[in-house]
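fold the stuff below for me.
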Amino acid sequence: MLRRRTFLSWSSGKDSAWALHVLRQDPHVDVIGLFCTVNKVFDRVVMHGVRVALLQQQAESAGLPLHIIEIPYPCSNDEYASAMSAFVDSARKENIECFAFGDLLLEDVRQYREDRLNGTGITPIFPLWGIPTKTLSREMVAGGLKAVITCIDPKRIPESFAGREYNESFLDDIPGSVDPCGEYGEFHTFSFDGPMFQNPIDVVLGETVHRDGFVFTDLLSLTSSTEPTH
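Residues are numbered from 1 along each chain as shown. Below you'll find the model as predicted:
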């Protein structure tokens with residue numbers, strides 16, 4: 001049986017990590033690499049605010065090469081589309097057949113991805129699509145996924161949730177208006193352990209800062225000498 005050569009969109013968070021876990025159980029898919037958009041001014045993952053050094057540790061623990069797509073700050077829609085188009089072209093040269101995404105339920109996001117890949121020869125796949133987020137959130141935690149909240153939208157969820165671990169207690173404590181997977185942008189995470197990793201990524205909480213209307217909690221690696229930056 002031929003397995004489709006696949007790159008997985010990697011945000012550093014729980015959904016992409018769990019998507020990797022699910023895809024590795026699919027006999028039709030062969031995940032051979034990760035790709036992630038990074039703010040080249042701050043050298044951090046877009047929206048999640050995670051340092052690239054930690055991103056690289058995740059990829060190493062997952063046993064996969066990491067493809068970093070640098071985008072400017074601020075970044076226009078056209079600039080983002082141009083950066084992604086160039087990456088799609090490079091992926092095609094590597095005979096990549098599929099891009100996988102950890103999207104759960106937002107139809108407009110899925111449609112955007114499908115439209116951008118239409119006619120490229122690369123098929124978008126969504127291994128977590130349609131799973132109720134109340135079910136999925138508990139399934140991920142019960143399945144051994146460990147993550148920490150690195151970014152929140154204070155208009156949607158109290159600031160006190162920044163820096164907390166994504167676990168049963170977190171899910172029990174969040175307001176009923178908050179999606180348990182943060183699918184509406186309420187919060188973003190960094191996955192530091194789980195069945196998709198060979199070894200945990202050791203991190204400690206750094207400073208919490210306000211920037212661009214969001215609250216970011218920095219994470220510092222216990223195995224690198226990265227100096228704090230914002």
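
what does the longest strand that the chain contains rub up against?
In the chain, taking DSSP state E as the definition, the longest strand is strand 29-39. Identification of contacts with strand 29-39 by CB atoms under 8 Å, 6 or more residues apart in numbering yields 3-12, 16, 20, 23-24, 44-46, 52, 55, 59, 62, 64-71, 73, 75, 80, 83-84, 87, 96, 98-100, 125. To be clear about C-beta, it is placed using only N, CA and C from the backbone, and glycine gets the same treatment.

these in helices, which ones?
Using DSSP state H, the members of the contacts of strand 29-39 that fall in helices are 16, 20, 23, 52, 55, 59, 62, 80, 83-84, 87.

only the buried subset of those, as a ChimeraX command please.
Listed next is the ChimeraX selection for buried residues among these, using 16 or more other CB atoms under 10 Å:
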select :16,20,23,52,55,59,62,83,84,87
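
where along the protein do the strands fall?
Remark: strands assigned in the chain by DSSP E are 4-9, 29-39, 44-45, 66-71, 98-100, 123-125, 146-152, 165-166, 187-193, 203-211, 214-221.

check which helices and strands the last one sits against.
Read that as strand 214-221. Packing partners of strand 214-221 (3 or more CB pairs under 8 Å, 6 or more residues apart in numbering; DSSP states H and E): helix 52-62, strand 146-152, strand 203-211.

6 Å instead, please
When contacts are defined as 3 or more CB pairs under 6 Å, 6 or more residues apart in numbering; DSSP states H and E, strand 214-221 packs onto strand 146-152, strand 203-211.

partner strands of the longest one, parallel or antiparallel?
Applying DSSP bridges, strand 203-211 is found paired with strand 214-221 (antiparallel).

quick check: the residue lying closest to residue 97 once chain neighbours are set aside vs residue 200, distance?
Excluding the flanking residues, the one nearest residue 97 by CB to CB, 6 or more residues apart in numbering is residue 4, at 4.4 Å. Going from residue 4 to residue 200 by CB to CB, to the nearest Å gives 30 Å.

also residue 19?
Taken as CB to CB, the span from residue 19 to residue 200 is 19 Å.

those two - which one has more neighbours?
A direct count of neighbours by other CB atoms under 10 Å for residue 19 and residue 200 places residue 19 higher, at 26 against 13.

so the more buried one is in contact with residue 102, correct?
Yes: applying CB atoms under 6 Å as the test, residue 19 and residue 102 come out as touching, 4.0 Å apart.

can you pull out the low-pLDDT segments for the chain?
Low-confidence segments of the chain (pLDDT under 70): 1, 224-230.

could you dump stretch 198-212 to PDB, C-alpha only?
Extracted C-alpha coordinates of stretch 198-212, given in PDB (Å, rounded to 0.1, in the frame of the first residue of the first chain):
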ATOM      1  CA  GLN A 198      10.000  10.700  21.900                       C
ATOM      2  CA  ASN A 199      10.900  12.800  24.900                       C
ATOM      3  CA  PRO A 200       9.200  15.700  26.800                       C
ATOM      4  CA  ILE A 201      10.400  19.300  26.100                       C
ATOM      5  CA  ASP A 202      11.400  20.800  29.400                       C
ATOM      6  CA  VAL A 203      10.200  24.400  29.800                       C
ATOM      7  CA  VAL A 204       9.600  26.900  32.600                       C
ATOM      8  CA  LEU A 205       7.300  29.900  32.500                       C
ATOM      9  CA  GLY A 206       8.800  33.300  31.800                       C
ATOM     10  CA  GLU A 207       7.400  36.700  31.700                       C
ATOM     11  CA  THR A 208       3.800  37.500  30.800                       C
ATOM     12  CA  VAL A 209       3.300  40.500  28.600                       C
ATOM     13  CA  HIS A 210       0.600  42.400  26.700                       C
ATOM     14  CA  ARG A 211       1.100  42.900  23.000                       C
ATOM     15  CA  ASP A 212      -1.200  43.700  20.100                       C
END
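
good, wrapping up.
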